[in-house]
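[1] need the 3D shape of this:
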Amino acid sequence: MICVAGAGAFGTALAVALAARGPVMLWARDSEHAADMQASRENTRRLPGVALPDNVQIITGFGPVPPQAPILLAVPMQHLRGMAETHAAVLRGHPLVACCKGVELSSGRGPTAILSEVVADTTNAILTGPSFAADIARGLPTALTLACADADQGKALQQALTTPALRLYRTTDTTGAELGGALKNVIAIAAGACIGLGMGDSARAALMTRGMAEITRLADQMGARRDTLMGLSGFGDLVLTCTSDKSRNYRLGLALGSGTPFDTATTVEGVKTAEAVTELASRLSLDMPISAHVHAIASGHSSVAQAMQTLLNRPLKEE
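    Alright, predicted model coming up:
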């Protein structure tokens with residue numbers, strides 16, 4: 001048995017994919033939403049057109065979970081701490097796998113650090129990398145990074161969560177995996193803004209490259225391994241998110257650059273991450289201009305055109 005907490009698009013997609021291995025419990029916070037899914041056997045709100053397998057059980061009350069069953073926490077990054085605090089008694093003793101990308105605004109911490117702080121006696125891991133919910137749910141080949149500081153537990157989780165179409169590569173570098181997954185969202189907003197402003201693909205490639213340098217700069221300071229950032233959770237996720245309009249972060253950037261409306265109800269993790277990372281970089285005396293400008297644009301303190309011009313006018317230097 002595997003439990004997925006969070007019935008958004010990504011949580012639902014994981015439940016559908018993991019059902020190929022056996023029974024899955026999918027927890028929905030909203031009882032009406034859960035009832036709709038149970039009746040239609042489809043998540044029409046978040047992932048329409050994808051049938052829920054018969055062995056996916058929809059639950060509302062986050063009650064007892066079978067002993068030792070892995071629990072995947074597919075909730076927005078800024079809600080992870082509150083969810084873990086509320087359900088700490090149920091989560092305790094289970095392998096916990098965070099399935100969110102970002103940096104907590106209030107603390108500057110990543111998902112596994114938050115879980116270690118809030119829930120005692122657990123193995124904490126993070127599942128991250130280049131993926132879209134619709135692709136996973138349709139059974140399209142997808143490769144992700146599973147990062148767990150405990151190598152043996154990481155191997156066990158890798159075995160438990162890999163399916164024929166969902167291939168997991170493991171690492172013990174949770175910091176690198178978290179930072180790659182978080183910061184690529186910030187760079188994706190900038191990449192979308194670049195295209196939306198009409199600056200072209202060459203400019204986007206340059207921005208992605210300098211964005212990767214920025215991610216590496218912070219990761220080095222935080223003790224992450226560079227080889228992690230060159231893998232799925234870093235480079236792979238950056239490429240996907242900066243080049244596909246399936247990415248919410250990229251679409252927000254497109255809207256900002258072109259001056260077109262964007263649905264404010266859409267969760268865009270990169271906005272809060274840009275704010276958190278800008279504060280963190282300031283404390284560490286690190287130069288992270290792309291992140292700083294994304295935060296300035298998203299908070300209304302700069303226009304996209306002003307930010308891009310400022311970046312282009314930065315002093316020349318070695319690569």
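
[2] tell me the SS of the most centrally placed residue in the chain?
    In the chain, the C-alpha nearest the mean C-alpha coordinate belongs to residue 101, at 2.6 Å (CA atoms, centre = their mean). Three-state call for residue 101 (DSSP: H, G, I helix; E, B strand; the rest coil): coil.

[3] which ones are touching it?
    Going by CB atoms under 8 Å, 6 or more residues apart in numbering, residue 101 touches 77, 128, 178, 181-182, 184-185, 269, 273. Using the backbone N, CA and C atoms, a C-beta is placed for each residue, glycine as well.

[4] ok, and the closest non-adjacent residue to it?
    residue 181 (3.9 Å; CB to CB, 6 or more residues apart in numbering).

[5] thought the one you found was touching residue 232?
    No: the criterion here is CB atoms under 8 Å, and residue 181 misses it with residue 232 at 9.5 Å.

[6] so for these two, which sits in the more crowded spot?
    residue 181 (32 against 25; other CB atoms under 10 Å).

[7] how about the helices of the stretch 151-300 of the chain, start to end?
    151-161, 174-196, 201-221, 226-229, 237-243, 248-258, 269-284, 289-298 (DSSP state H, counting those that start in this stretch).

[8] nearest to residue 49, of the ones you listed?
    helix 248-258 (18.3 Å; CB to CB).

[9] name the residues that touch that closest one?
    185-186, 188-198, 241-245, 260-262, 266-271, 297-298, 304.

[10] may I see the PyMOL selection of the buried members of those?
    Isolation of the buried members of these (16 or more other CB atoms under 10 Å) is achieved in PyMOL through the command below:
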select buried, resi 185+186+188+189+190+191+192+193+194+195+196+197+241+242+243+268+269+270+271+297+298+304
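
[11] just the CA trace of stretch 42-57, in PDB.
    The C-alpha coordinates for stretch 42-57 follow below in PDB (Å, rounded to 0.1, in the frame of the first residue of the first chain):
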ATOM      1  CA  GLU A  42     -11.700  10.900 -12.500                       C
ATOM      2  CA  ASN A  43     -10.200  14.100 -11.100                       C
ATOM      3  CA  THR A  44     -12.200  16.500 -13.300                       C
ATOM      4  CA  ARG A  45     -10.900  19.600 -11.400                       C
ATOM      5  CA  ARG A  46      -7.200  19.000 -11.700                       C
ATOM      6  CA  LEU A  47      -6.500  16.200 -14.200                       C
ATOM      7  CA  PRO A  48      -9.500  15.700 -16.500                       C
ATOM      8  CA  GLY A  49      -9.600  12.900 -19.000                       C
ATOM      9  CA  VAL A  50      -7.600  10.400 -16.800                       C
ATOM     10  CA  ALA A  51      -9.500   7.500 -15.300                       C
ATOM     11  CA  LEU A  52      -8.600   6.500 -11.800                       C
ATOM     12  CA  PRO A  53      -7.800   2.800 -11.600                       C
ATOM     13  CA  ASP A  54     -10.000   0.600  -9.400                       C
ATOM     14  CA  ASN A  55      -7.300   0.100  -6.800                       C
ATOM     15  CA  VAL A  56      -7.000   3.800  -6.100                       C
ATOM     16  CA  GLN A  57      -9.000   4.500  -2.900                       C
END
